[in-house]
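Participant: Requesting a structural model of the entry that follows:
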Amino acid sequence: MTNYDIIIIGAGPAGMSAASVAAYAGLDVLLLDEQPDVGGKVYRNVKQNDSKQNWFGSDYSSGMHLVNAINCNRITKYFRATVWRVEKNKRVIWSHNGESKISTASNIVLATGAQERPFPFPGWTLPGVMTVGSAQILMKSSGIFPKEAVLVGSGPLLYLVATQMIDANCPPKALIETQTLRMMMNSLIHLPLALLNMKSLIKGFMFIHKIKSAGVPRYKSVSSLEARLNNKGLIEFLFSHKGIKKSLKTKLLLIHQGVIPSTEISRSVGIDHSWNTSQLSFQPIIDKWGKTNIDGIYIAGDCAGINGSASASLYGKLAAIKILYNTEKINFYVYKMQSLSIRINLFFINSIRLFLDTLYAVPEEVLFPSDDTTVCRCEEITVGQIKLGLNEGIRGVRQLKTSIRSGMGLCQGRMCDAIVRNIMLHNTSQEHTTILAPKTRSPIKPITLGEMSKIKKD
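Facilitator: As a prediction, this is how the structure comes out:
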């Protein structure tokens, strides 16, 4: 069995940064990712798309320096690798090419990133409705750009993808935005701090300017969302705007309501979590280095709380620097100077976060959808069925799971847990602190019995 100095799970900005910093200082690193290549969601396929940077922007192409940095013989890389169990003794069990392997390390860094927040409304499960993030994956990995798509929701990613579509000569048919004037007014209290990250603010204004210049219609403060299929196979999207019911017909409806941390692995291994009231999501409890309550396990990037790719890269470096100092690969002076520089950068980059979280807050209609809205896509459980279970005395996520099968499907609750939790809070007298983060058990990701039976020591 090979014993690495660090096993890093996730090859996005945080994982790549941690791997390169640790490897060039002399540590042996195992880097695992379930995608075909490095980059994560943000820098997906960046090596192949480098010549198309005019479509995806300079921020995307800047990921090349992270990709190039992990070309080091001390980094052992496996892609299309499914991590399905992580243990407190720093054993990682993962599947690759139909076989499972066991690897051990002195330290583990979880850098699994974020996932899009579920955005439930009547019709969100119809054919032709997909998330904005999924559309961007197709754009980056296959060069397939959606045509005349309607974009619905809120958040910076909505504007980013809209501008990328415009640059690729496939502008959206319309933007349907859920953020309200009240959200904007509430966010102003955080604007002075956000001004410290003027670069990001200017970038946001440039996105909006490009969308307006392209003549893309924008409908703001919308509500009462609903999607239907008409007799011609088109999606008829209905919404209320300024008190008037409107509709748009499209072949493709792209939805987005921000992102939340991916915490399946951190919850499965027993790391303590807390509820983030501004981002309305669970996140692991870590110290300023990313260290968890389990010795030797660190968390870096958006899976520890949403701050964006630039911050994720720096958090990956911080975790690696701490590990290097603990293993005596760097001295105290280097340790302090490098970490201080990173923290200063993080302060300015993260200064915009509360402003964005408030400006693009999740609307109540998303948190508490109508009774006929499907919640659990895998098992086709509706909000009304969840409420019925709660009225009969169910008080925990596990009780709901065993009673009505919500969260029992292939996604293991990834797509419904965030919705179910809010429905429980809205329809019972429970507080956030009384509803614990749902348990995640191995295998964390779906694998075959053959993969489980063929376990080899790496």
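
Participant: and the spatially most central residue of the chain, backbone torsions?
Facilitator: When Cα atoms, centre = their mean is applied to the chain, the residue found nearest the centroid is residue 114 (1.8 Å). In terms of degrees, to the nearest 10, the main-chain angles of residue 114 are phi -130, psi 170.

Participant: what's the answer for residue 105, then?
Facilitator: Dihedral pair for residue 105: phi -160, psi 160, per degrees, to the nearest 10.

Participant: likewise the one 10 residues further on?
Facilitator: Dihedral pair for residue 115: phi -130, psi 160, per degrees, to the nearest 10.

Participant: So what's the gap between stretch 33-41 and the chain middle?
Facilitator: 14 Å (Cα atoms, centre = their mean, to the nearest Å).

Participant: cool, and stretch 381-396?
Facilitator: Centre to centre, stretch against its chain (Cα atoms, centre = their mean), the figure for stretch 381-396 is 27 Å.

Participant: Could I get the buried residue list for it?
Facilitator: Neighbour counts over stretch 381-396 (16 or more other Cβ atoms under 10 Å) mark 381, 382, 383, 385, 386, 387, 389, 390, 394 as buried. Yep, even glycine has a C-beta here, placed from its N, CA and C like the rest.

Participant: Need the worst-confidence member of those residues.
Facilitator: Scanning those for pLDDT, the low point is residue 394. It has 74.

Participant: Then that one would be within a helix, right?
Facilitator: No. Assessed with DSSP: H, G, I helix; E, B strand; the rest coil, residue 394 is coil; it does not lie in a helix.

Participant: Could you say which helix or strand holds the residue nearest to it when sequence neighbours are not counted?
Facilitator: Closest residue in space to residue 394, ignoring its immediate chain neighbours: residue 400 at 5.5 Å, by Cβ to Cβ, 6 or more residues apart in numbering. For residue 400, the host element (DSSP states H and E) is helix 397-404.

Participant: From residue 406, how far out is the residue nearest to residue 394?
Facilitator: For residue 400, the distance to residue 406 equals 5 Å [Cβ to Cβ, to the nearest Å].

Participant: And for residue 126?
Facilitator: 20 Å.

Participant: more crowded one of those two?
Facilitator: The residue with more neighbours, out of residue 126 and residue 406, is residue 406; 25 against 13, by other Cβ atoms under 10 Å.

Participant: Do me a favour and get the backbone dihedrals for that one.
Facilitator: Torsion angles at residue 406 (phi, psi; degrees, to the nearest 10) stand at phi -60, psi 120.

Participant: quick one: low-confidence parts of the stretch 101-250 of the chain?
Facilitator: Across the stretch 101-250 of the chain, no stretch falls below the confidence threshold (pLDDT under 70).

Participant: Which parts of it are helices?
Facilitator: Along the stretch 101-250 of the chain, the stretches classed as helices by DSSP state H, counting those that start in this stretch are 132-142, 156-167, 181-187, 191-194, 198-213.

Participant: And for the stretch 351-458 of the chain?
Facilitator: For the stretch 351-458 of the chain, the helices defined by DSSP H, counting those that start in this stretch cover 353-359, 364-367, 383-391, 397-404, 417-427, 449-453.

Participant: Could you list the domains of this structure?
Facilitator: The chain breaks down by automatic domain parsing into domains covering 3-114+260-330, 118-257, 368-434.

Participant: give me the low-pLDDT residue ranges for the stretch 301-450 of the chain?
Facilitator: In the stretch 301-450 of the chain, residues with pLDDT under 70: 430-435.

Participant: Swap in 80 and give it another go.
Facilitator: Applying pLDDT under 80 to the stretch 301-450 of the chain flags residues 393-400, 402, 407-409, 412-413, 425-439.

Participant: can I get the CA coordinates of stretch 245-263 in CSV?
Facilitator: The C-alpha trace of stretch 245-263 is given here as CSV (Å, rounded to 0.1, in the frame of the first residue of the first chain):
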residue,chain,number,x,y,z
LYS,A,245,-48.8,37.4,-16.0
LYS,A,246,-46.4,36.8,-18.9
SER,A,247,-45.2,33.8,-20.8
LEU,A,248,-42.3,33.0,-23.1
LYS,A,249,-41.9,30.0,-25.4
THR,A,250,-38.5,28.3,-25.8
LYS,A,251,-36.9,25.0,-26.5
LEU,A,252,-34.4,25.4,-23.6
LEU,A,253,-35.0,26.8,-20.1
LEU,A,254,-31.8,27.3,-18.1
ILE,A,255,-32.3,27.8,-14.4
HIS,A,256,-29.9,28.9,-11.6
GLN,A,257,-30.3,30.1,-8.0
GLY,A,258,-26.7,30.2,-6.8
VAL,A,259,-24.5,27.4,-5.5
ILE,A,260,-24.0,25.6,-2.1
PRO,A,261,-21.0,23.6,-0.8
SER,A,262,-20.7,20.0,-1.7
THR,A,263,-20.5,18.3,1.8
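
Participant: Can you give me the buried ones in that stretch?
Facilitator: The neighbour-count check on stretch 245-263 (16+ other Cβ under 10 Å) flags 248, 250, 252-263 as buried.

Participant: for stretch 221-239, same thing?
Facilitator: Buried, per 16+ other Cβ under 10 Å, within stretch 221-239: 221, 222, 225, 226, 227, 235, 236, 237, 238, 239.

Participant: so how far is stretch 135-144 off the chain centroid?
Facilitator: Computed by Cα atoms, centre = their mean, the separation of stretch 135-144 from the middle of its chain amounts to 17 Å.
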